[in-house]
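**Student:** predicted model and sequence below, questions to follow.
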Number of protein chains: 2
Amino acid sequence: MSLIVKKFGGSSVGSTEKIMNVAKRIIAEKEKNDKVVVVVSAMGDTTDNLIKLAKEIDKEPYKHTREMDMLLTTGEQMSIALLTMAFKVLGENAVSLTGPLAGIKTNDIHTKGKILDIKPQRVIDELDKGNIVIVAGFQGCDQLGDPVTLGRGGSDTSAVALAGALKADSCEIYTDVDGIYSADPRIVKNARRMKEITYHEMLEMARLGSGVMQPRSVEVGQLLNMPIHVRSTFTNKPGTIIREEYTMEEKGFVIRGVSHDAKVAKIAVLGVPNNPGIAYSIFSALADNNVDVDMIVQSIRNVEKNVTDMVFTVALDDLNTAKEVVDKVAADLKAIGVLIEKDVAKVSIVGVGMLGNPGIAARMFGALSNAGINIDVISTSEISISCLIKSAALEEAVNIIHNEFFAEK
Amino acid sequence: MSLIVKKFGGSSVGSTEKIMNVAKRIIAEKEKNDKVVVVVSAMGDTTDNLIKLAKEIDKEPYKHTREMDMLLTTGEQMSIALLTMAFKVLGENAVSLTGPLAGIKTNDIHTKGKILDIKPQRVIDELDKGNIVIVAGFQGCDQLGDPVTLGRGGSDTSAVALAGALKADSCEIYTDVDGIYSADPRIVKNARRMKEITYHEMLEMARLGSGVMQPRSVEVGQLLNMPIHVRSTFTNKPGTIIREEYTMEEKGFVIRGVSHDAKVAKIAVLGVPNNPGIAYSIFSALADNNVDVDMIVQSIRNVEKNVTDMVFTVALDDLNTAKEVVDKVAADLKAIGVLIEKDVAKVSIVGVGMLGNPGIAARMFGALSNAGINIDVISTSEISISCLIKSAALEEAVNIIHNEFFAEK
């Protein structure tokens, strides 16, 4: 007998037909006496349709964060009701619980809530009665009982946190891909599906552009030491388990994945007097405007005049805001000018194996150099190395680097 | 300063444009310092669309009563979120509360819940903060916190019960008609809108086919002694107040209204041996099958053989069930036969003024007789008299009777 938490996203329950299929699959996989909790998102288009209605009232509906939560939490409530009916039609005992009914308590930061605590007694009671328990993902309630949504990747977070609180034997996240790959399989043909990956590596890959898992749910898994099994909704392939450490057989690869991010932009503030506090002026102004800065390089432009260039990258989505902020600061600092480049992209390698393997960076740079791909900016973390290159070279770069580290030799 | 509860139904909030209009109207009518609670139903088609989805999972979704409540309560949750946003766009402070958040506690009879108690502290708190409070009608929660809907007329019931719990100064129910009329204005051209009507009369008229108010909300009004002001969503006419007693000026009319019901059927069980317990056999069997019996007449068919006919009416919707039940009982009782008539209709007069006015019934029968309309069955209650007639004569009968009692003389 196992206690299993399974999470299905919006595309897996996009129609009543798909809902029936999800129910059938869960029943087929359920061993006798297994206790199953299913966390589910809103049906495919529901959230978009609700946002559209809200926009008819106010073009910027997200100003009304509490009311958006009141509106959007109906989406998952619909899907839990329908999925529960599907189980009943198929002859299983089942019961639906909203996030609040499942005991998911959040702070009161509407539309971007964080789970503070889970008191899953009701879930346990319903499991003990022999029910499959269907829980609304993406939502909980604050101390007043008001509905609060968890922001991007919220349903995954609900599932992992609930699995942790229930001390579940496994937490399975069903997605439209069948696991975590050593590179994006749409770009790298022979990308390798990994059996296992550490939380730390997964977080780094997500940060560097690999889109399968939102970082928050992985962080929660790490915090609660709850392994996360990423699987395909559409196949029975074994998927990838995200956990604290690998088992022996996975230890052969020094790097675990090649991530890339095409949605970056480079900003260069040119010819700034090199006084203490320049970096602070620029980056605190950006932080005040909620712009995350990624790669940063400061280089001397003119030693005699003690003038420096400050180069950094931001997400493409933040570029307009960033440009406004930086233009203003640059004028205050009497910089020579501000240069924007949008045709840049970031390619990264990630792996805990590179710790104490000093040759890894050289292999990456060498592979790019041999292909004639110029590196604009380099940044490193404990378990990753990233290079900023021209967008046009991105696909080639990802393949070359993947080949360098994963080719069967 | 007044505390006012206003209820708007689904057709009043059928689109985001209508939602904006409702918000504008409420703001326009609000006096400075008034405290306003708005109870609102699901948007026009929402409930039907949700039921349609459920039917794709199970043709008989209402078997799953708890899950239907989980599904259907999303409808009002959407409209409270959108209406609250509309108030905010118009510059008013407002907050939405689901039925459970507003403290509406019900029993656990899903899809047909009854309100057990209201603990409206959260509503009071939000009003004290200067908010217009928008509450989801039709819903509450049981002691586990599970959502429960209140069945037909549930949003009216929510509004009246909440007004009672808040000791509101008034409770206004906005509908697509502008009050309670002395007869259906679609049939009787000069039907009179009543300024006031008693709970008792309103309940009797509703029972006898007048459709404006569901009986339950009127019962709750009576129980809590909360006057109910029925008004039009589309005009500013004064409407009708349902209360315990009239004020002086309304006392002139001995009858208050002519109700009619075209959706009835007559069943005659012919030639039953007149033994004790016949009525019990028939009507207990019908009650066991949830068929309400209305007018009942037992008449002697043949004194020598001690054989009787049992005639009664049921709602047209219940006819198929009733026929099955009655056919079986009639065979057991060795009756001569069962006769069904569907082309019948009921016309009734209602008024507390007929108590102690013995001539009223005679005036009704005389008016019908003068017009050559035959009366098939008669039944009376403390404050009403009903006649079963042929369907074809219904409109004429309603007009004749209305003219008898309401014509300006």
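**Tutor:** Looks like it came in fine.
**Student:** excluding covalently adjacent residues, which one is nearest to A:F405?
**Tutor:** A:I255 (4.9 Å; CB to CB, 6 or more residues apart in numbering or on different chains). Yep, even glycine has a C-beta here, placed from its N, CA and C like the rest.
**Student:** for my notes, confirm that neighbour occurs in a helix.
**Tutor:** No. Counting by DSSP: H, G, I helix; E, B strand; the rest coil, A:I255 is not part of a helix but coil.
**Student:** ok, now how distant is it from B:K305?
**Tutor:** Distance, A:I255 to B:K305, by CB to CB, to the nearest Å: 103 Å.
**Student:** equivalent analysis for A:M226, please.
**Tutor:** Applying CB to CB to A:M226 and B:K305 gives a distance of 83 Å.
**Student:** if we look at the least confident helix or strand in chain A by mean pLDDT, which residues are touching it?
**Tutor:** Sorted by mean pLDDT, DSSP states H and E, the helices and strands of chain A end with strand A:293-302, the least confident at a mean of 84. The contact list for strand A:293-302, computed with CB atoms under 8 Å, 6 or more residues apart in numbering or on different chains, reads A:264, A:270-271, A:274, A:279, A:283, A:286-287, A:307-315, A:346, A:377-379, A:386, A:388.
**Student:** just the buried residues of these.
**Tutor:** A:264, A:270-271, A:274, A:283, A:286, A:307-314, A:346, A:377, A:379, A:386, A:388 (16 or more other CB atoms under 10 Å in any protein chain shown).
**Student:** out of those residues, list just those in strands.
**Tutor:** A:264, A:270-271, A:307-314, A:346, A:377, A:379, A:386, A:388 (DSSP state E).
**Student:** okay, and A:K6 sits in which element?
**Tutor:** strand A:3-8 (DSSP states H and E).
**Student:** briefly note if that strand comes near chain B.
**Tutor:** No. Among the residues of strand A:3-8, none lie within reach of chain B under CB under 8 Å from any CB of the partner chain; the closest is 15.5 Å away.
**Student:** now do that strand: which elements does it pack against?
**Tutor:** For strand A:3-8, the packing partners by 3 or more CB pairs under 8 Å, 6 or more residues apart in numbering or on different chains; DSSP states H and E come out as strand A:35-40, helix A:154-165, strand A:170-175.
**Student:** residues contacting A:K323?
**Tutor:** Contacts of A:K323 (CB under 8 Å, 6+ apart): A:267, A:338, A:340.
**Student:** which one of the helices and strands packed on strand A:3-8 lies closest to chain B?
**Tutor:** strand A:35-40 (12.4 Å; CB to the nearest CB).
**Student:** who does that closest one pair with, and is each partner parallel or antiparallel?
**Tutor:** Strand A:35-40 has the following sheet partners, assigned by DSSP bridges: strand A:3-8 (parallel), strand A:132-136 (parallel).
**Student:** switch these over to CSV; also include mean pLDDT.
**Tutor:** Output for the strands paired with strand A:35-40, formatted as CSV (pLDDT from 0 to 100):
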stretch, mean pLDDT
strand A:3-8, 97
strand A:132-136, 98
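**Student:** okay, the ones you listed, which one's buried deepest?
**Tutor:** Comparing these by mean neighbour count (mean count of other CB atoms under 10 Å in any protein chain shown), strand A:132-136 ranks first with a mean of 29.
**Student:** okay, the strand holding A:K6 in CSV with CA atoms only?
**Tutor:** The C-alpha trace of strand A:3-8 is given here as CSV (Å, rounded to 0.1, in the frame of the first residue of the first chain):
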residue,chain,number,x,y,z
LEU,A,3,0.2,6.9,-0.7
ILE,A,4,0.7,8.6,-4.0
VAL,A,5,0.1,12.3,-5.1
LYS,A,6,-0.4,12.8,-8.8
LYS,A,7,-0.6,16.2,-10.4
PHE,A,8,-2.2,16.9,-13.8
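**Student:** for chain A, what spans make up the helices?
**Tutor:** Using DSSP state H, the helices found in chain A span residues A:16-29, A:46-57, A:65-89, A:121-128, A:154-165, A:199-207, A:215-224, A:278-288, A:319-332, A:359-370, A:394-406.
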